[in-house]
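K.L.:
Sequence and predicted structure are below.
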Amino acid sequence: METGRGTGESSLRPSAGMARALGARAAGCDIDPASAGLVDFMGSADALAGGRFDGVIANIHVGVLRELRGELLRLLRPGGWLLLSGFLPEQAGEVEALFGKARTLRERGGWCAAVVPR
């Protein structure tokens with residue numbers, strides 16, 4: 001599940017193709033009207049009342065990650081993982097405090113991404 005799919009920044013399409021090749025399914029959502037036609041559904045992650053996923057991708061500013069924390073964690077199956085990006089290097093500690101210790105933490109071009117197992 002990719003939340004905040006947007007108009008192509010993190011591009012779910014390659015992720016969806018890889019998921020299908022592995023026998024899995026990928027889905028994306030966004031609340032931005034500019035994303036219509038590029039996502040599986042318009043709306044926030046909380047619209048998936050019963051959905052559970054092995055992985056959740058969120059390329060969203062740390063303030064929004066803070067707000068969506070509960071919903072992002074709820075979407076994960078036990079043993080799943082979060083791929084969080086779109087936060088600054090100085091915010092990495094806050095992201096780990098919110099979601100747990102990152103298995104992988106990378107910085108590129110002034111932005112960070114983290115893989116957090118659950």
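P.N.:
Sure, I can see it.
K.L.:
Give me the contact list for the strand ranked longest in the chain.
P.N.:
As assigned by DSSP state E, the longest strand anywhere in the chain is strand 76-87. Here strand 76-87 makes contact (C-beta atoms under 8 Å, 6 or more residues apart in numbering) with 10, 52-62, 65, 72-73, 94-95, 99, 103, 111-118. (Glycine included, C-beta is placed from N, CA and C.)
K.L.:
Can you turn the buried part of those residues into a PyMOL selection?
P.N.:
In PyMOL, a selection of the buried entries from the contacts of strand 76-87 looks like this (16 or more other C-beta atoms under 10 Å):
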select buried, resi 10+53+55+56+57+58+59+60+62+65+72+73+95+99+112+113+114+116
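K.L.:
Please work out how many residues are found near residue 67.
P.N.:
Applying other C-beta atoms under 10 Å, we find 13 residues neighbouring residue 67.
K.L.:
let me redo that: residue 104
P.N.:
Around residue 104 there are 11 residues (other C-beta under 10 Å).
K.L.:
Could you give the bridge partners of it?
P.N.:
Beta-bridge partners recorded for residue 104 (DSSP bridges): residue 115.
K.L.:
so it makes contact with residue 112?
P.N.:
No - with contact defined as C-beta atoms under 8 Å, residue 104 does not reach residue 112; the gap is 10.7 Å.
K.L.:
residue boundaries of the strands in this protein?
P.N.:
2-3, 28-30, 41-42, 53-59, 76-87, 104-108, 111-117.
K.L.:
tell me which residues of the fifth one are tucked away?
P.N.:
By neighbour count on 16+ other C-beta under 10 Å, the buried set for strand 76-87 is 76, 80, 81, 82, 83, 84, 85, 86, 87.
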